[in-house]
Every structure is written in structure tokens, then in C-alpha cells.
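[1] Dropping the sequence and predicted coords here.
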Amino acid sequence: GAHLLTLSHEAAVYAVAFSPDGTTVAAGCADGKVMLWRLSDGVRLRTLTGHKDWNVVNAVAYSPDGQTLATGSWDESVRLWLASD
């Protein structure tokens, strides 16, 4: 298939999830951050911080209604976030 878009971050990406409506992708990164990008144009919408710095975020999942994002990290925590502000 054809390449559509490249989304990049300063740290390695360990996990990705598409929002249920297909408009956003979330990525869990090696620096403990979670990045959210709009897929229509690749704009970074938000950077979620809260996991301990440099603890890999290796799990990312949206709730079925797309309202909540769950992230898991090597800091031994699961965090729940509002998917949009």
C-alpha cells in the first residue's frame, strides 16, 4: 500500500492506538509521554505527561466510546485520561 503519513517524536514509540472514530492516533513513547496526533493533517494535538520520566509507555488503548484513553508504563502504573479537552 501507499505511504500515508509519518508521525515522529524525539523518543522511541512503543505502542499506538487509533481512536474509535479514526480521527486521532495515540502513541506511547520511551520517554514516558503519550502523544496524540490528528490523522487528517498530522498535527500534534496534545502531549500527555504523568508517567515517570523515561519509563516506557508500552500500552495505549481507547475506550469503546473514545472518551477515555488508558496507558500503561514501566513505572508500574495504568493511567486514565480524558481523550479530549
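    Done, it's in.

[2] where does this protein dip in pLDDT?
    Along the chain, the model assigns pLDDT under 70 to residues 85.

[3] Tell me which residues touch residue 10, please.
    residue 31 (C-beta atoms under 8 Å, 6 or more residues apart in numbering). For every residue, glycine as well, the C-beta is placed using N, CA and C.

[4] give me the number of residues near residue 40?
    The burial metric for residue 40, expressed as a neighbour count using other C-beta atoms under 10 Å, is 10.

[5] before we move on, what about residue 34?
    The number of residues packed near residue 34 is 24, by other C-beta under 10 Å.

[6] Tell me where the chain has strands.
    Counting by DSSP state E, the chain has strands at residues 13-18, 24-29, 34-38, 44-48, 57-62, 68-73, 77-82.

[7] give me the number of residues near residue 19?
    The number of residues near residue 19, taken as other C-beta under 10 Å, comes to 19.

[8] hang on, isn't it packed against residue 66?
    Yes - checked against C-beta atoms under 8 Å, the pair residue 19 and residue 66 is within contact range at 5.1 Å.

[9] and the nearest residue to residue 84 once chain neighbours are set aside, what is it in contact with?
    Using C-beta to C-beta, 6 or more residues apart in numbering and skipping residues adjacent in sequence, the residue nearest residue 84 is residue 67, 7.9 Å away. Contacts of residue 67 were listed using C-beta under 8 Å, 6+ apart, and they are 82, 83, 84.

[10] Check residue 36 too.
    With contacts defined as C-beta under 8 Å, 6+ apart, the neighbours of residue 36 are 24, 25, 26, 27, 44, 45, 46, 47, 48, 69, 83.
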